[in-house]
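Chemist: Quick one: sequence plus predicted model below, questions after.
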Amino acid sequence: MRPLRHLAVLMTLLVCSLTVPLRSNGQVADLTDTTPMGNIGAGSSIVINVDVILPANEGTIYFQNGAFTTWLEIDKKEPSCRLYTIGSPTVRKLVPGRKLIVTGTRFNNGGPNMYGDVLLFEDDATINQLQCNAGRKGYMTIGELKKVFGGLFALQQAEPVIG
């Protein structure tokens with residue numbers, strides 16, 4: 001009787017493990033739109049969908065609701081993001097299809113006038129980081145990030161590494 005009880009427990013654990021999403025270092029293979037942006041895993045990428053002109057030297061590019069804008073024109077109560085470029089003496093261009101590979105993330109629980117949630121691109125020679133703000137106190141979600149991107153950029157989540 002005892003071996004049957006152990007077999008039942010093992011079968012239950014097996015069924016549960018098959019119904020739970022795959023995880024790697026706490027990351028689900030396909031994070032939902034309500035997941036905080038800071039959970040986007042290393043190896044994920046931001047894909048450029050339009051030509052993006054980068055300013056010379058160190059610069060910042062602001063965007064909101066799928067359009068490039070300036071700091072003065074941003075609705076501070078709505079989600080927005082900014083890209084930080086790495087210092088270069090020439091104007092550069094990112095072309096459609098270019099991928100910025102995420103090497104890390106940071107939460108900062110930013111307020112309405114402070115950029116807090118960050119995707120790092122430490123291995124990229126052009127863009128250093130993407131900072132985003134939910135337009136309210138608290139973390140920015142992946143759904144809000146997609147809204148800010150509009151057609152300018154796309155998020156490709158990395159597949160988790162199992163093993």
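Modeler: That came through, no problem. Residues are numbered from 1 along each chain as shown.
Chemist: switch to C-alpha atoms for all contacts and neighbour counts from now on
Modeler: Fine.
Chemist: Let me see the contact set for the closest residue to I101 other than its chain neighbours.
Modeler: In space, and not counting its chain neighbours, I101 is closest to S45: 4.4 Å by C-alpha to C-alpha, 6 or more residues apart in numbering. Contact partners of S45, counting by C-alpha atoms under 8 Å, 6 or more residues apart in numbering, are K99, L100, I101, V102, L155, Q156, Q157, A158.
Chemist: what's the span of stretch 126-139 from first residue to last?
Modeler: Using C-alpha to C-alpha, to the nearest Å, the end-to-end distance of stretch 126-139 comes to 26 Å.
Chemist: How about stretch 122-130?
Modeler: 11 Å.
Chemist: buried sites along that stretch?
Modeler: Applying a neighbour-count criterion of 16 or more other C-alpha atoms under 10 Å, one finds D124, T126, I127, N128, Q129, L130 buried in stretch 122-130.
Chemist: what does that stretch contact?
Modeler: In this structure, residues lying in contact with stretch 122-130 by C-alpha under 8 Å, 6+ apart are 81-86, 100-103, 118-121.
Chemist: Secondary structure and distance to F68 for those - can I get that in a markdown table?
Modeler: As requested, the contacts of stretch 122-130 are arranged in a markdown table below (DSSP: H, G, I helix; E, B strand; the rest coil; distance: C-alpha to C-alpha, whole Å):
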| residue | secondary structure | distance to F68 |
| --- | --- | --- |
| C81 | strand | 10 |
| R82 | strand | 9 |
| L83 | strand | 11 |
| Y84 | strand | 14 |
| T85 | strand | 15 |
| I86 | coil | 19 |
| L100 | strand | 18 |
| I101 | strand | 21 |
| V102 | coil | 21 |
| T103 | coil | 24 |
| V118 | strand | 18 |
| L119 | strand | 18 |
| L120 | strand | 20 |
| F121 | coil | 20 |
